[in-house]
Structures are given as C-alpha cells and as structure tokens.
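Colleague: have a look; sequence and predicted model below, questions after that.
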Amino acid sequence: MALRFFNTLSRSVQEFVPLEGDAKRAGLYCCGPTVHDFAHIGNFRTFVFADLVRRWLEFKGYSVRHVMNITDVEDKIIHRVAQTNGSLRDYTSKYEAAFFEDFQALGCLRPHETPRATDCIAEIISLIGKLIERGTAYRAADGSVYFSIEKYQARGLRYGQLLKLNFEEMRPGQRVSSDEYAKEAVADFALWKARVPADGGVFWPSPWGEGRPGWHIECSAMSMKLLGPSFDLHMGGEDLIFPHHEDEIAQSEGAGLQAPGRPFVKYWLHGAHLLVEGKKMSKSLGNYFTVRDLLAQGFTGREIRYLLLTAHYRESFNFTLDGLRAARTALGRLDECLGKLREAAAGATAPPDGNMLQQLTDSLDDDFNVSAAWGAIFEWVRNINRLAASGKLLPGQAAAGLAAWQKIVLAMGLETGETAGAPQELLAVLEQRNAARKAKEFKRADVLRDQLKSAGWAIEDTPKGARLKRL
Ligand SMILES: [Zn+2]
C-alpha cells in the first residue's frame, strides 16, 4: 500500500505522489519556531510530527530534503526586543539555541536547512518586487507594501484555497498590518512594514524605504529559495492554516514562479492542537509547559516524544503528567523486550522480521495511524515475552526481531540510551566510511560522511577511533 494522508488543500486523504513522480525525492517544509520565548510543548507536537513524517518517508526509501525556518523577526519579537537594550540577534539567539536543545532532546533529526528570516532579507525583497511588478502588491502612503487580494483574484488566481472565506464583507483596499488576524478580518496584508519608532533598531533598507518584512512573506521566500517554486509537502500546526499558509500560497503563486500547471505546494499537512491537563495551555492556569519544565521534573525527552506520538495528528490530544508516567512504563516494557531479544539472539544475526515491519508499514501508511502501529508493536512484544517465558525464543527469531526493532526505533525516533550512541544502520555506514578512508577513497568517505550528516550525526574522531555524535 502506498502512503496516504490528509491533504488540507484537497480536504481529503490522498496518496502521496511527489512532484518528481518516480524519483523518490521529497521536499518538506515545516514552519519553524518564532524565537521570542522558549517553545512550549504544544509547539513541539508539530515538530515531533514533522520529524515522524520525515523519518517515515526515509524509511520508505525517499531522499527527503527537510527545511525548517527560524522566524527571528515579527511583531512579537520586535515588541520584546524594544524592552531590552540589546540587538535583535542578541535577543533571538538565546531562544534559538534553547529551541534546538529541546528539539534534540525530543529525538528530532536536525532539518537539512534551518534558514533564519533575517538572513534572507534579499530574497524577501526580491519576492515582494516580483509581486509589485505583476501588479499584485502596492505601496501604501506610509511606505508599507501590501498584497492586493482583489488584484490577485482579478488575475484568475484563488485566495481561499485552504479554507472557505467570505469575500462579501470585504472591501477592496482594506488593510491589515498585523501578522496575525482572524479570517473575518480578511483584507490586504502587509508584505513589507515601513519603519516606525516602535521598531527601534530593527529595520532594513528596501526599494520602498526602510522597514522590515511581514511574517508570511518570510516563509514564501525561504521555502522557495531552498526547495524551489514548487515542492511536495508543507507542514505546520492547524493554527497556521489561516492567515499564514493561505498568505504563503497567495504570495508564492502570485509571484508566478511555478511552471505552468504546478502549484506552490502539492500537499499541505496540518497537525491538531494540544490540550494540557484537559485545557488550553495558559500560563495563568498553570498548565503551560516548556520541554525544559518537563525535563526539570525528571521526565526524559524520549518519554515526551513517545507520548506525543501516541495520538493521531488530526485529533486534538490531551497531554498530561499521568500520560507521561504511563509513557515511562510503556517504554520500559519495550526496552525490557529488547533486552530479552538481545539475550536470546546471543550474537546471531538475521534479516529483519518482515511481518512486524509490514504491520508497521500498513499502519503508518494509512494516514499515519500511530494507534494501529503501537497496537501492533505491543502485540509483538507480548508474543516475544510469551516465547521468552516458555524458553521457546530461538536465536534466529530473536535476531530477526532485533533487526526489525532497529528499524522501528529509527522510524519512530525512539532510540534507547544505548543506541542513542547511534542506530545500527548508521554504525554500519560509519564502518564503511572508516574502511573507505583506510583505502584512501576519500571521495567515497566524504559521501558517507554527508549521508551521516543528513541523518543528523557527525563523526567525531577520538583516540579510540571514530564515533558518532548527534548534530
Ligand atoms: Zn511559515
């Protein structure tokens, strides 16, 4: 069965067929963090899901190019920076570093590219320029540049692809300058915001005067810069569907860079909200958790990740501390089973248990049905425990189970403490790289090193030989 999932663009479950068809390459963009504060556990639900999607595509043999931006200039950040004496970068770098620490703690593979908006100002200005050239954007009296929905629609292009909008209330030329607004406020939105005193030192020169980019244009510019004008998969939390993603489509397709008949993005994949202890997260309710809050309480990143991955991405999920304690128990059972397999295998090797991998594939290919996947995994664990208890677990069978298990943990991102050294597959790649260096095949050694790097691991040379270290 082929991979199928819910495409917000078509509002239906569709088979995943990348734009390049048989090439088995997939471009994946996920809207990254706005680095104005520590990211909370709700933000990480999206990132862990995007990591699962990437790992699953890789499991299925796709070569994935994963891009996640860092939003380091937008309304909230400017507001916070204004309250400090430092620069924008002074302020955001602390939260950016913290974000990647948390990201890694949750076992997320580092995306291949993590562009910062402030490093892509030239591309953003160029994209706004193209929209003005095409008559789809205009400079207002205050020097800000707005996207004209009316002109866009007059070109036969569609605004409101991800959700239905009511244009009857809309008056042409009506504008909204803030980065976030409700769908009732549909109006021309800001691409470039003219400098105002409240911006302090945060501004750049542009053909339209000093100012800064709006939030939406940042993602259009960064995604198309790194993945091309049309790419396969765009992800984010469901709260980004409007206006952020709708505006991304309008800006990107409005610039007209796509080949005829090709969309900006073929599949839009959105993750649902997270509730914490049954309620919407809020600092005043005391249910607002960052990853570091939970680590400080003694939970591990692996437990948090497991719990986040027990819920289907389209269902809102109630994250609780009790759930985390149950996650610890569940992972304990898995690790115990792994120990039994290792003991029974006694060094034997075998190809992976195909039946187990088929069940995993059937589940995750079916709109990332994680409940079915965990159901199959725990049924398998019960079976192994039964065999082990009656002394009937044969070495070959145990080795096949171990080999399957290695693939499963890699797909789910649940490497244990010991394999957090590195998954077996990657250790094999490291050995091949060492052999290539020994044989002075440096080009091949470099290719293997890059392969490790794209899987999120760096080679560290130590007196005891080369080993892998997480990037
Ligand atoms: Zn975005």
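Modeller: Noted; the coordinates are in hand.

Colleague: nearest spatial neighbour of the residue in the stretch 151-300 of the chain positioned nearest to the ion, skipping sequence neighbours?
Modeller: Nearest residue of the stretch 151-300 of the chain to the ion (CB to the ion) works out as Cys219 at 3.1 Å. The C-beta positions use only the backbone N, C-alpha and C, and glycine is treated the same way. Leaving aside its chain neighbours, Cys219 sits nearest to Glu248 (5.2 Å; criterion: CB to CB, 6 or more residues apart in numbering).

Colleague: hang on, the one you found packs against Trp215?
Modeller: No. If you go by CB atoms under 8 Å, Glu248 and Trp215 don't touch, sitting 9.9 Å apart.

Colleague: in terms of neighbours, single out the busier of those two.
Modeller: Glu248 (28 against 25; other CB atoms under 10 Å).

Colleague: contacts only, for that one.
Modeller: Shown in contact with Glu248 (CB atoms under 8 Å, 6 or more residues apart in numbering): 216, 219-220, 223, 234, 264.

Colleague: quick one, which of those residues are buried?
Modeller: Neighbour-count burial (16 or more other CB atoms under 10 Å) applied to the contacts of Glu248 gives 216, 219-220, 223, 234, 264.

Colleague: and the residues you listed as JSON lines, adding pLDDT?
Modeller: Listed next are these as JSON lines, based on pLDDT from 0 to 100:
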{"residue": "His216", "pLDDT": "97"}
{"residue": "Cys219", "pLDDT": "98"}
{"residue": "Ser220", "pLDDT": "98"}
{"residue": "Ser223", "pLDDT": "98"}
{"residue": "His234", "pLDDT": "98"}
{"residue": "Phe264", "pLDDT": "98"}
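
Colleague: want to throw these into a markdown table with secondary structure?
Modeller: Output for the buried ones among the contacts of Glu248, formatted as a markdown table (DSSP: H, G, I helix; E, B strand; the rest coil):
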| residue | secondary structure |
| --- | --- |
| His216 | helix |
| Cys219 | helix |
| Ser220 | helix |
| Ser223 | helix |
| His234 | strand |
| Phe264 | coil |
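
Colleague: which stretches of this protein have low pLDDT?
Modeller: For the chain, the stretches with pLDDT under 70 are 416-424, 462-465.

Colleague: contacting residues for the residue nearest the centre of it?
Modeller: The centre of the chain sits closest to Ala50, judged by CA atoms, centre = their mean, with a distance of 3.5 Å. Going by CB under 8 Å, 6+ apart, Ala50 touches 28, 30, 66, 68, 108, 235, 271.

Colleague: same thing but at 10 Å, please
Modeller: Residues near Ala50 by CB atoms under 10 Å, 6 or more residues apart in numbering: 28-32, 66, 68, 108-109, 111, 233, 235-236, 269, 271, 313.

Colleague: hang on, the earlier thing: Phe203: which of the buried ones among the contacts of Glu248 is nearest?
Modeller: Top of the list for closeness to Phe203, among those and by CB to CB, is His216 at 18.4 Å.

Colleague: wait, isn't the closest one in contact with Gly236?
Modeller: No. Taking contacts as CB atoms under 10 Å, His216 lies outside contact range of Gly236: 12.0 Å.

Colleague: quick one: the strands in the stretch 1-150 of the chain, in order.
Modeller: Here the stretch 1-150 of the chain has its strands, by DSSP state E, counting those that start in this stretch, at 4-7, 12-15, 25-30, 63-68, 137-139, 145-147.

Colleague: want to throw these into a markdown table with mean neighbour count and distance to the ion?
Modeller: Shown next, in a markdown table, are the strands of the stretch 1-150 of the chain (neighbours: other CB atoms under 10 Å; distance: least, CB to the ion, whole Å):
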| stretch | mean neighbour count | distance to the ion |
| --- | --- | --- |
| strand 4-7 | 18 | 18 |
| strand 12-15 | 12 | 22 |
| strand 25-30 | 23 | 8 |
| strand 63-68 | 21 | 9 |
| strand 137-139 | 20 | 19 |
| strand 145-147 | 25 | 15 |
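
Colleague: let me have the ones you listed in JSON lines, extended by distance to Ala388.
Modeller: Shown next, in JSON lines, are the strands of the stretch 1-150 of the chain (distance: least, CB to CB, whole Å):
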{"stretch": "strand 4-7", "distance to Ala388": "36"}
{"stretch": "strand 12-15", "distance to Ala388": "39"}
{"stretch": "strand 25-30", "distance to Ala388": "39"}
{"stretch": "strand 63-68", "distance to Ala388": "36"}
{"stretch": "strand 137-139", "distance to Ala388": "66"}
{"stretch": "strand 145-147", "distance to Ala388": "63"}
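
Colleague: verify the contact between Thr320 and Asn287 for me.
Modeller: Yes. Thr320 is in contact with Asn287 according to CB under 10 Å; the separation is 9.2 Å.

Colleague: neighbour count: those two, which is higher?
Modeller: More crowded of Thr320 and Asn287, by other CB under 10 Å: Asn287, with 18 against 15.

Colleague: name the SS class of that one, please.
Modeller: coil.

Colleague: now it. Nearest residue, chain neighbours left out?
Modeller: Counting by CB to CB, 6+ apart, the residue nearest Asn287 is Val276, at 4.2 Å.

Colleague: what does Thr34 give?
Modeller: Per CB to CB, 6+ apart, closest to Thr34 is Thr71, 4.2 Å.

Colleague: residues from the protein in reach of the ion?
Modeller: Within reach of the ion by CB under 5 Å from the ion, the chain has these residues: 31, 219.

Colleague: what do you get if the cut-off is 6 Å, keeping everything else the same?
Modeller: Counting by CB under 6 Å from the ion, the residues of the chain close to the ion are 31, 219, 244.

Colleague: looking at those, which is nearest Leu331?
Modeller: Closest to Leu331 out of those is Cys31 (29.3 Å), distances taken as CB to CB.

Colleague: so what's that closest one up against?
Modeller: So Cys31 contacts 46-47, 50, 68-69, 71, 215, 218-219, 222-223, 234-237, 240, 244-245, 248 (CB under 10 Å, 6+ apart).

Colleague: let's see that with 6 Å instead.
Modeller: 219, 236, 240 (CB atoms under 6 Å, 6 or more residues apart in numbering).

Colleague: Val276 bridge partners, please.
Modeller: Counting by DSSP bridges, Val276 forms beta bridges with Lys279, Phe319.
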